[in-house]
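Peer 1: 3D, please:
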Amino acid sequence: MNYFIQNKYTKWYFVLVNKAKERNWSKNSEFYVENHHIIPKSIEKNNDVVCLLAREHFIVHRLLVKMTEGKNRSKMIYALWRLTNGTKEQREHITSRVYQIIKEQYKEVCRKRIGELNPAFGKPRPDLIEYNKTRVISNEHREKLRIASTGKIPNLETRNKMSILHQGQGAKLWKVIEPNGNTNIIRNLSKYCKEHNLDTNNLRQVATGRYVQYRGYKSEMVVQ
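Peer 2: Okay, the predicted model is just below:
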């Protein structure tokens with residue numbers, strides 16, 4: 001299957017790739033090189049790899065953005081953004097003007113993936129739920145969080161939301177709106193989240209206003 005638009009950028013891309021094939025470098029070379037999948041793995045899973053200099057690697061990823069379209073182009077913009085924020089060797093070849101162009105392209109992709117436009121919107125993440133259940137926060141990390149929050153005063157709106165959230169611990173009522181639009185008034189949020197394979201803390205964060213939604217669910221405290 002041909003994934004690339006037939007234009008000058010595609011020609012330049014394969015000139016660089018074929019040159020890399022002829023050199024036949026490896027990661028064990030005495031100078032710094034990076035692996036590059038000729039057909040990006042996000043487009044098609046494969047093991048067809050060449051070794052490129054960091055500068056060449058950056059150039060081919062800029063070309064990939066200009067030789068793809070649709071979802072593949074979005075994937076290439078995301079890959080280029082990650083490369084832009086990669087290793088020191090990768091960042092050395094990026095000017096401020098180029099960085100601005102890449103950032104604008106990345107923001108364009110992000111705007112198209114907000115809320116229901118995101119393919120993962122409303123879908124459960126069992127792996128993430130299991131991770132949150134077993135995650136252990138070290139004392140060192142707790143201390144860093146404490147230091148970071150010391151001296152910070154929440155604004156009035158946030159304090160009011162926190163106050164409402166912590167009132168009547170044994171008799172809270174929650175309004176939960178499901179992804180399909182159904183509304184539930186519940187008293188035991190933990191039980192509800194367990195039955196629906198959700199993380200209780202994340203749904204509480206929606207009620208405080210910190211998150212807009214969680215997996216398509218929305219929630220708020222019902223003031224009695």
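
Peer 1: Quick check: closest non-adjacent residue to residue 78.
Peer 2: residue 109 (6.2 Å; CB to CB, 6 or more residues apart in numbering). The C-beta positions use only the backbone N, C-alpha and C, and glycine is treated the same way.

Peer 1: what do you get for residue 112?
Peer 2: Residue 112 sits nearest to residue 74 (CB to CB, 6+ apart), 7.2 Å away.

Peer 1: shouldn't the one you found be in contact with residue 106?
Peer 2: No. At 9.7 Å, residue 74 does not count as touching residue 106 under the criterion of CB atoms under 8 Å.

Peer 1: ok, back up a step: tell me if the residue nearest to residue 78 really is in a helix.
Peer 2: Yes. Applying DSSP: H, G, I helix; E, B strand; the rest coil, one finds residue 109 inside a helix.

Peer 1: My read is that it contacts residue 79, right?
Peer 2: No. Using CB under 8 Å as the test, residue 109 is too far from residue 79 to be in contact (10.8 Å).

Peer 1: of those two, who's got more company?
Peer 2: residue 79 (18 against 15; other CB atoms under 10 Å).

Peer 1: Now do the SS call for that one.
Peer 2: Applying three-state DSSP: residue 79 is helix.

Peer 1: residue contacts, the closest residue to it other than its chain neighbours?
Peer 2: Nearest non-adjacent residue to residue 79, counting by CB to CB, 6+ apart: residue 61, 6.1 Å away. Neighbour list for residue 61: 76, 79-80, 83 [criterion: CB atoms under 8 Å, 6 or more residues apart in numbering].

Peer 1: Out of those, who's the most crowded?
Peer 2: residue 76 leads these on contacts (other CB under 10 Å) with 24 neighbours.

Peer 1: what does the model give it for pLDDT?
Peer 2: On pLDDT, residue 76 comes in at 94.

Peer 1: Please name the nearest non-neighbouring residue to it.
Peer 2: residue 64 (4.3 Å).

Peer 1: Thought residue 13 was touching the one you found, still the case?
Peer 2: Yes. Residue 64 lies in contact with residue 13 (CB under 8 Å); the separation is 6.9 Å.

Peer 1: Understood, closing this out.
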